[in-house]
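Engineer: quick one, structure for this:
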Amino acid sequence: MMNEKFELTLPNKSESLVSVGDFISGIGHKARFNPDKLQDILIAVDEACTNIIRYAFENGEEATFTIICQITTTELTICLINQGKRFNPASPLPSIPSRKVADLTHGRGLLFMHHFMDELKYEYHPQKGNILYMIKYKGGHENGSEG
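Structural biologist: Numbering: from 1, shown residues only. So this is what the prediction gives:
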């Protein structure tokens, strides 16, 4: 049974997105995701990390965020952790036809994350901060997608 864990901590700078992409790409290959699913994961994680870098901290504030990936035989779980401003993903997402997503000026990140990942969960811990869990299943899952 596969159960591997990987961790990366990076500064909250836009230059970190290249390292995020390299890290997630390596994890996705190790987890044996097909190219289409790996691309979905990369888009969702890039959007989440971009949101952390842009919005979690005051402009110019030096901080870090951590990515923890766990691979099992059935799924990849990606945890994004930061101690920035508390995030409220409970706000309802706009219901927008996919052809109109490109017209949005804000809010696309959460839409992309929901669209490209199989599950999203959010927690806030006073000591750890914001924790976003992004899950991608390797095979079929409850909404019928195949891997």
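Engineer: the residue nearest to residue 2 when sequence neighbours are not counted: neighbour count?
Structural biologist: Distances taken as CB to CB, 6 or more residues apart in numbering put residue 73 closest to residue 2, at 4.9 Å, once the chain neighbours are dropped. The C-beta positions use only the backbone N, C-alpha and C, and glycine is treated the same way. By other CB atoms under 10 Å, the residues close to residue 73 number 10.
Engineer: check residue 15 too.
Structural biologist: The tally of other residues near residue 15 (other CB under 10 Å) stands at 9.
Engineer: pLDDT wise, what is it at?
Structural biologist: Looking at residue 15, its pLDDT reads 96.
Engineer: any idea how far residue 6 is from it?
Structural biologist: Distance of residue 15 to residue 6, given as CB to CB, to the nearest Å: 21 Å.
Engineer: and for residue 70?
Structural biologist: 8 Å.
Engineer: look at the two and report which has more neighbours.
Structural biologist: residue 70 (19 against 15).
Engineer: give me the three-state assignment for that one.
Structural biologist: Three-state call for residue 70 (DSSP: H, G, I helix; E, B strand; the rest coil): strand.
Engineer: fine by me, we can end here.
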